[in-house]
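>>> I'd like to go over a predicted model; first the sequence, then the structure.
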Amino acid sequence: MSSIQPVRGTHDLIGEEQRRQARVVSTARHIAGLYGFDEWSTPIFEETRVFSRSLGDTSDVVSKEMYSFNDRDGESLTLRPEGTAAICRALVTNALTQSLPQKVFYTGPMFRHERPQKGRYRQFHQIGAELLGAAEPLADAEVIALGYGVLEALGVADYVTLELNTLGDAASRDAWRQALVAYFSAQSDKLSEDSRVRLEKNPLRILDSKDAGDRDLVANAPMMEKFLTPEARTFWDELRQKLDLFGIAYTVNPAIVRGLDYYNHTTFEFVTNRLGSQGTVLAGGRYDGLVKQMGGPDVPAIGWAAGVERLAMLLETAPQAPRSVVLIPVGSPDEKAVCQILQALRQQGVRTEIGYKGSLRKRMERAGKQNASHVLFLGEDELARGVFRVKSMETGLETEVATEALLSDARSIFAE
RNA sequence: GCGGACGUAGCUCAGCUGGUAGAGCGCCGGUUUGUGGUACCGGUGGUCGCGGGUUCAAGUCCCGUCGUUCGCCCCA
């Protein structure tokens, strides 16, 4: 066993694992396109303040999980722990606040120094969608519909449920937060140790505590509903109505409060019970203040991110490896003819390989192992007669095909 | 960051109460001359995660460390 290992929480993506993740990404990219979202790519590292400012200083992501370092110029940089902040930064830097709305799809690696677990890695991958510059509930509904559409296209929608909540606008949220703090402070002796810390840092998080004692307290805690301003209530009502119009089923869960500071109004999570404690598969919400925080104008926005590894694990069937047509020279036919036919097939869009070294038996064996769809035999005899022997590895049947036909009509010859 | 479990060939694992490692699969080659997935034969393969300690002797006991995994925490 080699002593050089990949860094803790990182993995090489090879074979089936690579194919599963690629399937997730390409499917999401396609569905996002149907909704009119364009793909952006932002740098993998940013100035640290892009994240520290936006995610909230007290969030664990900022306070203890970021890969931050000083570069050779002494500037503090950070490997992106999530995608939304950078998209907002890019919106501002590229002056796209002039042409709203912008509908953005992105994908790529993210980095968080967490304790690795299944479905939770230090370098992991996300897909995400952001709709910047639309304030109406219809936008929220459409963004959620896009998320659902991706899950549906991946064939995992059945294992997943949508949980929905509202945090209201700033005024609602502040009032609610104060009420929660007052409520929990009055009986902080009954709270779990973890939740006493949350009371200081992020009281909303107490609501989704798993501690049994906490849950009893939470059951009687003041609910967001009561603190909604009339505007926030209208928004919340409309959102649910639009979701109905899109035919998206959901359950309201007051505990969906999200971890990052920038959310307001809509929050949602698509969750599954198939991945143990890492059950959140796609989640997001509205973040109307973030673009302004990034130094831009007041741009309302809504979006979500999803974990590629988690979705890849949920895929029911693994994408198949592509099958090749393998050319096996018999004896020593003219090399020029061999190379020409290889290139001609590739130009016609047929995945073609040549069987290297070994006896004919060996090469056949290898073609079988790599699951080739067909084998092409070319010997001096065939070359002289202007034909190939084409063997279907599926049926074992072997036919003679004129070289001309291969040069002009290869795809139909190899179509199953 | 906290607590538990685990860590033997590429893979799945066996190795009793301590005496310097085994199987199956895989991989490589062969069963003569132009044909796979079957069969047969032969071969390759491990400083038992790593580092200490106890012992005449450790894969087997103890400590530490790294990694994986489960729960917590956090979050996608």
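All right, it came through fine. Residues are numbered from 1 along each chain as shown, chains lettered A, B, ... in the order given.

>>> Contacts only, for the most centrally placed residue in chain A.
By Cα atoms, centre = their mean, chain A has its centre lying nearest to residue A:127, at 2.9 Å. Counting by Cβ atoms under 8 Å, 6 or more residues apart in numbering, residue A:127 touches A:24-25, A:28-29, A:105-107, A:150, A:305-306, A:308. Every residue, glycine included, has its C-beta placed from N, CA and C.

>>> Go again with 6 Å.
By Cβ atoms under 6 Å, 6 or more residues apart in numbering, the contact set of residue A:127 is A:28, A:107, A:306.

>>> With neighbour count as extra columns, can I get those in JSON lines?
As requested, those are exported to JSON lines (neighbours: other Cβ atoms under 10 Å):
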{"residue": "A:28", "neighbour count": "27"}
{"residue": "A:107", "neighbour count": "22"}
{"residue": "A:306", "neighbour count": "24"}
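
>>> Between these, which sits nearest RNA strand B?
Nearest to RNA strand B among the contacts of residue A:127, counting by Cβ to the nearest atom of the strand, is residue A:306 at 5.1 Å.

>>> State the distance from that closest one to residue A:52.
24 Å (Cβ to Cβ, to the nearest Å).

>>> one step back: filter the contacts of residue A:127 down to just the ones in helices.
residue A:28 (DSSP state H).

>>> Bridge partners for the residue nearest to the centre of chain A, pull those for me.
Residue A:127 forms beta bridges with residue A:107, residue A:306, as assigned by DSSP bridges.

>>> Low-confidence bits of chain A, can you list those?
Residue ranges of chain A with pLDDT under 70: A:1-3, A:57-58, A:259, A:416.

>>> Tell me how far the closest residue to residue A:9 other than its chain neighbours lies from RNA strand B.
Closest residue to residue A:9 apart from its sequence neighbours, by Cβ to Cβ, 6 or more residues apart in numbering: residue A:122 at 2.9 Å. According to Cβ to the nearest atom of the strand, to the nearest Å, residue A:122 and RNA strand B sit 8 Å apart.

>>> likewise residue A:99?
Counting by Cβ to the nearest atom of the strand - residue A:99 and RNA strand B are separated by 27 Å.

>>> Contact partners for that residue?
Counting by Cβ under 6 Å, 6+ apart, residue A:99 makes contact with nothing.

>>> one step back: give me the neighbour count for the residue nearest to residue A:9.
For residue A:122, the number of neighbouring residues by other Cβ atoms under 10 Å comes to 19.

>>> Also residue A:17?
Residue A:17: 15 neighbours (other Cβ under 10 Å).

>>> what's the closest residue to it other than its chain neighbours in contact with, if anything?
Nearest residue to residue A:17 in three dimensions, chain neighbours excluded: residue A:312, at 7.3 Å (Cβ to Cβ, 6+ apart). Taking Cβ under 6 Å, 6+ apart, we find residue A:312 in contact with A:20-21, A:24.
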